[in-house]
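**Student:** Show me how the following folds:
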Amino acid sequence: MRSILFTAPLALVAAAATLMLSAAPAAASTEACTAAPDRLRSIAANAEPAAQSKAVRNINLGEALCEARNKSEAAKKFNLAAKALGTDLATVLSSEKVAAVQ
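**Tutor:** Modelled structure (predicted):
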């Protein structure tokens, strides 16, 4: 009986945490399709040629996936493009939000 009283709240907390973590990529992928391509292209313009070609290829794939309504895979491609440029997608998206506020 004591183990049930201890594990039941723990299970509820774990379930809530799982739902919160699974909703975050969905929100990011929605924004990724609208904001990430332009921001990544501007970063790629100043990159080395090898990194630039990798990034542009992944950006183009990501845009095609957005048009096909596969936003989660598009976000992965945009993240690969960002990594090729030496950053990550979260940083790219957050830097644009800060610039928009100023």
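
**Student:** Can you list the low-confidence ranges for the protein?
**Tutor:** The model of the chain has pLDDT under 70 over residues 1-6, 8-30, 96-102.

**Student:** now with 90?
**Tutor:** Residues of the chain that meet the criterion pLDDT under 90 lie in 1-36, 46-47, 87-102.

**Student:** can you map out the helices along it?
**Tutor:** Secondary structure of the chain, counting by DSSP state H: helices at 2-44, 49-67, 71-84, 89-101.

**Student:** tell me the angle of the third one relative to helix 49-67?
**Tutor:** Looking back up the chat, that one is helix 71-84. On the basis of axes from the mean of the first three to the mean of the last three C-alpha atoms, to 10 degrees, helix 71-84 is oriented at 170 degrees to helix 49-67.

**Student:** Using PDB, write down the CA coordinates of helix 71-84.
**Tutor:** What follows is helix 71-84, C-alpha atoms only, in PDB (Å, rounded to 0.1, in the frame of the first residue of the first chain):
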ATOM      1  CA  LYS A  71       7.300  20.100 -40.100                       C
ATOM      2  CA  SER A  72       9.100  17.800 -37.700                       C
ATOM      3  CA  GLU A  73      11.400  16.400 -40.400                       C
ATOM      4  CA  ALA A  74      11.900  19.900 -41.700                       C
ATOM      5  CA  ALA A  75      13.100  21.100 -38.300                       C
ATOM      6  CA  LYS A  76      15.600  18.300 -38.300                       C
ATOM      7  CA  LYS A  77      17.000  19.500 -41.700                       C
ATOM      8  CA  PHE A  78      17.100  23.000 -40.500                       C
ATOM      9  CA  ASN A  79      19.000  21.900 -37.400                       C
ATOM     10  CA  LEU A  80      21.500  20.000 -39.600                       C
ATOM     11  CA  ALA A  81      22.000  23.200 -41.600                       C
ATOM     12  CA  ALA A  82      22.500  25.200 -38.400                       C
ATOM     13  CA  LYS A  83      25.100  22.600 -37.200                       C
ATOM     14  CA  ALA A  84      26.900  22.800 -40.500                       C
END
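
**Student:** OK, contacts around Ala32?
**Tutor:** Contact analysis of Ala32 by C-beta atoms under 8 Å, 6 or more residues apart in numbering lists 62, 66, 71, 74-75, 78, 89, 93. (Each C-beta comes from the backbone N, C-alpha and C, glycine too.)
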